[in-house]
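*Asks:* below are the sequence and a predicted model; questions follow.
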Amino acid sequence: MKKTKIDEKDKKKLIERLKSEGKINKPDPSTLHGVALWGWYVGAVIASLLIALTLTFYVVPSKIQAVSFRLPDPIPLTGVLKENNRLTDAELLLENQIFGPECIAVDKQKGFVYTALKTGYICEIDIKQNPAKIIRSVRLNKLEECDGTYSSMPKCGRPLALRFAETGELFVLDAYSGLYMLNFAAEKVSHLLLGGAEITNDETAAPIRYLNDFDFLPDGRIVISEASNKFDDRDHLYELFEHRPNGRLLVFDPKKEELKVLLNDLYFPNGIQVIKGKVYFSELGMARIIKYSPSSGKSEVVIDALPGYPDNIRLASDGNLWVPLPARRSTKDHYIEEHPALREFMTKAI
């Protein structure tokens, strides 16, 4: 095909004709200005974010002093640990009626279930009714504006653990304010152990800070897990991200009003279950279950490298232990375990 050469004059005429026919649009100055302004705005936002992140990382002090660690790889989910859907068809009770139920105690004689809420209420629930119904609720204190928010928790408390004593009273452990005995029928509350109490036999020991769970020893004393003596319940993520042994296992004698330390240097001890005088407890920060003997003072690991982080622990009717794992572990967790600076940065952003 022979190419036709168009001189500059004809080219201008052709362009003008195409423009007049609408086949070539003239650029809109306002549009060009808008595009330029939007580009400047996006660039300014990105620059501001980069500056904020840099200042946060290098200038803002961290609330924790994180250390590097590496937990053993989680045991594989095979055999009895194989994933299943048994809870898929579980019935939901009191949906949208209770806020943050943490622990459950059952009165086998009455058939009532008791749970502690984030708002500070202890609820008595009749699950035999259809639907389940809250019979009554009791507060450990009479303070106002206790809605379970971050700012209200130190003042209002956060009940975490419930157990019935052999005498029938319901004992309640509050993360902030200590141990209570509750007569639900009379709505009478007795405060047995104050929050922030000092350790009886050690003046150098830190006072209690973040109580978690408890159980009764055969001699009447009460063994208590203290998740941290540095951070409280509302800042539990700081404790987990720091990964230092700030937790303890305590024992309280209600008759003598003595509080002692059984074990130091624990990583977020959580649920407790006493079996034949031996104390089984979950060490959430290490993903394992430990057995402790108060008589010998010795402890041993019962199971290590759990596939999730153990929270509570309770005795089943068949003699086994129920151990809920609210968060699953992965080998990918090793990256954040081995990078304490990253965990410190994350706490700055919380």
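*Replies:* Nice, thanks for sending it over.
*Asks:* going by C-alpha atoms from here, please, whenever you check contacts or count neighbours.
*Replies:* Fine.
*Asks:* is the residue lying closest to residue 214 once chain neighbours are set aside in a helix, a strand, or coil?
*Replies:* Excluding the flanking residues, the one nearest residue 214 by C-alpha to C-alpha, 6 or more residues apart in numbering is residue 224, at 4.3 Å. Under DSSP: H, G, I helix; E, B strand; the rest coil, residue 224 falls in the strand class.
*Asks:* same check, this time on residue 236
*Replies:* Here residue 236 is helix, with the state taken from three-state DSSP.
*Asks:* which stretches of the stretch 201-350 of the chain form strands?
*Replies:* Secondary structure of the stretch 201-350 of the chain (DSSP state E, counting those that start in this stretch): strands at 210-216, 222-228, 247-253, 258-266, 269-275, 278-283, 288-292, 299-303, 308-309, 314-315, 321-322, 327-328.
*Asks:* does residue 184 touch residue 171 like I think?
*Replies:* No. If you go by C-alpha atoms under 8 Å, residue 184 and residue 171 don't touch, sitting 10.3 Å apart.
*Asks:* hmm, back to that, hang on, isn't the residue nearest to residue 214 packed against residue 247?
*Replies:* No. Using C-alpha under 8 Å, residue 224 is not in contact with residue 247, being 10.9 Å away.
*Asks:* I'd assumed residue 202 was in contact with residue 259.
*Replies:* No. Judged on C-alpha under 8 Å, residue 259 makes no contact with residue 202 at a distance of 9.7 Å.
*Asks:* who's more crowded, the two?
*Replies:* With neighbours defined as other C-alpha atoms under 10 Å, residue 259 and residue 202 compare such that residue 259 has more, 23 against 12.
*Asks:* for residue 292, see how far away the more buried one is.
*Replies:* Separation of residue 259 from residue 292 (C-alpha to C-alpha, to the nearest Å): 18 Å.
*Asks:* same thing with residue 247?
*Replies:* Counting by C-alpha to C-alpha, the separation of residue 247 from residue 292 is 15 Å.
*Asks:* worst-scoring helix or strand of this protein, pLDDT-wise?
*Replies:* In the chain, the helix or strand scored least confidently by mean pLDDT, DSSP states H and E is helix 29-58, which has a mean of 61.
*Asks:* that helix: what's the following helix or strand?
*Replies:* Downstream of helix 29-58, the first helix or strand assigned by DSSP states H and E is strand 104-107.
*Asks:* that next one pairs with which strands?
*Replies:* When pairing is defined by DSSP bridges, strand 104-107 lines up against strand 112-116 (antiparallel).
*Asks:* give the buried residues for the partner strand.
*Replies:* Neighbour counts using 16 or more other C-alpha atoms under 10 Å place 112-116 of strand 112-116 among the buried residues.
*Asks:* do stretch 154-163 as well
*Replies:* Applying 16+ other C-alpha under 10 Å to stretch 154-163 flags 154, 156-163 as buried.
*Asks:* could you list which of those belong to strands?
*Replies:* Taking DSSP state E, the ones among the buried residues of stretch 154-163 that sit in strands are 159-163.
*Asks:* would you map out the domains in this structure?
*Replies:* 96-194, 196-349 (the TED database).
*Asks:* which one of those domains lies closest to residue 67?
*Replies:* Closest of the domains of the chain to residue 67 is domain 196-349, at 5.3 Å (criterion: C-alpha to C-alpha).
*Asks:* next one: the closest one to chain centre, how far?
*Replies:* The chain centre lies 13 Å from the centre of domain 196-349; the measure is C-alpha atoms, centre = their mean, to the nearest Å.
*Asks:* rewinding a little: name the residues linked to the residue nearest to residue 214 by a beta bridge.
*Replies:* Taking DSSP bridges as the rule, residue 224 bridges to residue 214, residue 250.
*Asks:* now do the contacts for it.
*Replies:* Each residue near residue 224 by C-alpha atoms under 8 Å, 6 or more residues apart in numbering is listed here: 211-215, 249-252, 272.
*Asks:* do that again at 6 Å, thanks
*Replies:* Counting by C-alpha atoms under 6 Å, 6 or more residues apart in numbering, residue 224 touches 213-214, 249-251.
*Asks:* now, which of these sits nearest residue 68?
*Replies:* Minimum distance to residue 68 across the contacts of residue 224 is 24.0 Å, recorded for residue 249 (C-alpha to C-alpha).
*Asks:* if I look at the closest one, how far off is residue 111?
*Replies:* For residue 249, the distance to residue 111 (C-alpha to C-alpha) stands at 32 Å.
*Asks:* okay, the two: which has more neighbours?
*Replies:* Legend: neighbour count by other C-alpha under 10 Å for residue 249 and residue 111, higher for residue 249 (25 against 12).
*Asks:* the more buried one is in contact with residue 262, isn't it?
*Replies:* Yes. The pair formed by residue 249 and residue 262 meets the contact definition of C-alpha atoms under 6 Å, at 5.3 Å.
*Asks:* direction included, what does the host helix or strand of residue 179 pair up with?
*Replies:* Secondary structure assignment for residue 179, by DSSP H and E: strand 178-183. Pairing partners of strand 178-183, with direction, according to DSSP bridges: strand 170-174 (antiparallel), strand 188-194 (antiparallel).
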